[in-house]
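Q: What follows is a predicted protein model with its sequence.
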Amino acid sequence: MATKIFIDGQAGTTGLRIHERLENRSDLELITLTEETRKDAEARREAIRESDITFLCLPDAAAREAVALAGDADVRIIDASTAHRTNPDWAYGFPELSPAHREKIRTSKRVAVPGCYASGFASLVYPMVQSGLLPKDYPVQCFAMSGYSGGGKKMIAEIESPDRAPELFSPRFYGLANNHKHLPEMQIISGLERKPMFTPIVDDYYNGMLVCVPVQAAIAGHALPPEQVQEMLEQHYAGSNFVHVKPLGTPEEMTATKLSCNDLRDTNQMEIFVFGDAEQILLCSRLDNLGKGASGAAVQCMNIMLELDETTGLV
């Protein structure tokens, strides 16, 4: 019998991507609402309660409302909003972080999909903290660049307008008050005692992102040989289907590297890089903000919850 799936918020960027990844799978039956009923609370309630798994691709308030609509129904919920990511009662949907994360996803009825920036950040900082190479009280700084699809329908329409303003052709810094909505999960999930300093940038390309975290030995209190850091990360993600730690380059190779942001577009892959020397290293995580940073991660979690091969329907 096919598993019944409902995507609440299917018209949004993430919802559309999840639908594309699921619509041709013979093991699933998609429950859909008409354009007239997709925002109707009673129609949504019935669809949620009828489903085996519901994806929430909604603003935070609407996601909380959807959970309330589910009531005591025996439905498993995968939430792609920010609403539940730091709630300890919900599984955090990044299975590669640890066996405990994977097991909680497998057994939970409530899974929160990580934010795209937070996925890249946690992929670097969580193992650094867990291994003891980075103190929990380290004042972490992070800068990152994403394609404009991360801004949702409004930004996509703005950037793709033939009449767009000249400044929209260039990279733009934002979140300059250090209040980006991903910051709480970046700190809590990674095990940091201090809020990171986070500088995001949006650029004039559709999807793909690069998240970078510099670490200085003078602040950490000990040398950080790149070889040691790369080996630790490689062991942490050994056997992963989607997270791949790249080999350490020579100083000459590092100097020549031009690291682009969108190489992993339209995939659920993530690549991790280590650059620098024992005094100053740069950790980088490359992923698709719509893939491993959103819809791909959501589908991967669903596969794990259904005890399927986690790569089913993903590349």
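A: Looks like it arrived, so ask away.

Q: Which residues outside the strand or helix carrying residue 20 are in contact with it?
A: Applying DSSP states H and E as the criterion places residue 20 in helix 13-22. Under the contact criterion C-beta atoms under 8 Å, 6 or more residues apart in numbering, helix 13-22 has outside partners 5, 7-10, 28, 30, 55, 57, 80, 149, 152-153, 156, 290, 294-296, 298-299, 313-314. Every C-beta, even on glycine, is put in place using the N, C-alpha and C of the backbone.

Q: hmm, try it at 6 Å
A: 7, 9-10, 28, 55, 57, 80, 152, 290, 294-295, 298-299, 313 (C-beta atoms under 6 Å, 6 or more residues apart in numbering).

Q: What of stretch 145-154?
A: Counting contacts by C-beta under 6 Å, 6+ apart, the residues outside stretch 145-154 that touch it are 13, 116, 155, 159, 201-203, 205-210, 261, 289-290.

Q: do stretch 155-168 as well
A: Residues outside stretch 155-168 that contact it (C-beta under 6 Å, 6+ apart): residue 148.

Q: circling back: output the contacting helices and strands for the very next helix or strand once past the helix holding residue 20.
A: Moving toward the C-terminus from helix 13-22, the next helix or strand (DSSP H and E) is strand 28-31. Under the contact criterion of 3 or more C-beta pairs under 6 Å, 6 or more residues apart in numbering; DSSP states H and E, strand 28-31 touches strand 3-8.

Q: Please enumerate the helices of the stretch 1-150 of the chain.
A: Ranges of helices within the stretch 1-150 of the chain are 13-22, 41-50, 60-70, 99-107, 116-131, based on DSSP state H, counting those that start in this stretch.

Q: Identify whichever of the ones you listed lies nearest to residue 305.
A: Smallest distance to residue 305 across the helices of the stretch 1-150 of the chain (C-beta to C-beta): 6.3 Å, for helix 99-107.

Q: Between helix 116-131 and that closest one, find me the angle.
A: Helix 99-107 runs at 130 degrees relative to helix 116-131, counting by axes from the mean of the first three to the mean of the last three C-alpha atoms, to 10 degrees.

Q: Output the residue ranges of the strands in the stretch 51-200 of the chain, listed in chain order.
A: Taking DSSP state E, counting those that start in this stretch to define them, one finds strands in the stretch 51-200 of the chain at 53-56, 76-79, 91-92, 110-112, 141-147, 172-173, 197-203.

Q: Rebuild those strands as CSV, extending it with mean neighbour count, mean pLDDT and distance to residue 47.
A: Converted to CSV, the strands of the stretch 51-200 of the chain look like this (neighbours: other C-beta atoms under 10 Å; pLDDT from 0 to 100; distance: least, C-beta to C-beta, whole Å):
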stretch, mean neighbour count, mean pLDDT, distance to residue 47
strand 53-56, 26, 98, 8
strand 76-79, 24, 98, 12
strand 91-92, 26, 98, 23
strand 110-112, 24, 98, 18
strand 141-147, 21, 97, 31
strand 172-173, 12, 94, 38
strand 197-203, 18, 96, 33
